[in-house]
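Peer 1: Build me a model:
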Amino acid sequence: MKIPKVIYIGGTPMVGKTTIARILSCRLQYECISTDDIGAAITAVTDGVLYPRFHYMSGQDHRDYYANTGIRKMIRDINEYHRALWPALRVLINSHATWGNPLVIEGWALRPGYMAGLRGDVAGLFLLADDALIEQRALDSPFTDGAADRALMVRRYVERSRRYTSEIRSEITRLELSAINVTHMLKPEDIAEECIRILRCDG
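Peer 2: Down below sits the predicted model:
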């Protein structure tokens, strides 16, 4: 069966979405884009007073934000940010699904409820992982370099990922969407191969 014209890859940060999306785009000769890049572009051309959801971390170093912000506020911030970003992402996805070039789009702003509501030549899946994998990748990433309290930053970051993953996991089950549980044992190429298998079956 044919591969859909637009492929989405969702899931929490550090789970490997960007790596898998790049592999898929190379194999399929699709364009590739991250929702993080779209969000950064919108943030650059909007005012923080008029569009506060796009500027929730403005004026703060990201390391201080994770170390000093409560989990509930972090979840609220990202939920509001994703909600504000979704209309732009929906237009982008729909345009590529109709007249635009084939596309792989990845990012954690691609929430299950949003993706389930899309129509047309669009399909995808979510990458899920346990705390240990997210923690190790956060520690290995330059993202945490220079933090005043690196252990605290990573602990808070992992806790936010756990809350987010729990939230979308239940949505994925309820909406009968596809997901892959990522482990240390799975190589990116194997995950990409499984993605293609799922996409062919879903198509």
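Peer 1: in the helix or strand that contains L85, what counts as buried?
Peer 2: L85 is part of helix 71-98, with elements assigned from DSSP states H and E. Neighbour-count burial for helix 71-98 flags 74, 77-78, 81-82, 84-86, 89, 92-94, 96-97 (criterion: 16 or more other C-beta atoms under 10 Å). For every residue, glycine as well, the C-beta is placed using N, CA and C.
Peer 1: With pLDDT and distance to C201 as extra columns, can I get the residues you listed in TSV?
Peer 2: Below are those laid out as TSV (pLDDT from 0 to 100; distance: C-beta to C-beta, whole Å):
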residue	pLDDT	distance to C201
M74	96	36
D77	97	36
I78	97	31
Y81	98	33
H82	98	28
A84	98	34
L85	98	29
W86	98	27
L89	98	25
L92	98	26
I93	98	21
N94	97	24
H96	97	22
A97	97	19
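Peer 1: Same list, those, but as CSV with distance to E167 please.
Peer 2: Listed next are the buried residues of helix 71-98 as CSV, based on distance: C-beta to C-beta, whole Å:
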residue, distance to E167
M74, 13
D77, 14
I78, 10
Y81, 15
H82, 11
A84, 18
L85, 17
W86, 16
L89, 18
L92, 24
I93, 21
N94, 25
H96, 27
A97, 26
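Peer 1: show me where this protein has helices.
Peer 2: For the chain, applying DSSP state H gives helices covering 17-28, 35-44, 62-68, 71-98, 112-116, 131-140, 150-175, 188-202.
Peer 1: What mean pLDDT does stretch 21-38 get?
Peer 2: Stretch 21-38 comes out with an average pLDDT of 98.
Peer 1: Pull up the distance across that stretch, start to finish.
Peer 2: Stretch 21-38 has an end-to-end distance of 16 Å (criterion: C-alpha to C-alpha, to the nearest Å).
Peer 1: again, but for stretch 171-188
Peer 2: 25 Å.
Peer 1: Other residues contacting it?
Peer 2: Stretch 171-188 is contacted by residues 15-16, 19-20, 23, 111-113, 115-116, 124-130, 133, 136, 169, 191, 194-195, 198, 202 when judged by C-beta atoms under 8 Å, 6 or more residues apart in numbering.
Peer 1: rerun that using 7 Å as the cut-off
Peer 2: 15-16, 19-20, 23, 112-113, 115-116, 125-129, 133, 191, 194, 198, 202 (C-beta atoms under 7 Å, 6 or more residues apart in numbering).
Peer 1: Which ChimeraX command selects the buried ones in those residues?
Peer 2: Selection of buried members from the contacts of stretch 171-188 for ChimeraX, criterion 16+ other C-beta under 10 Å:
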select :15,16,19,20,23,112,115,125,126,127,128,129,133,191,198
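Peer 1: Need the residues that contact stretch 75-94.
Peer 2: 6, 35, 38-39, 42, 53-54, 56, 105, 109, 111, 114, 118, 120, 122, 160, 163-164.
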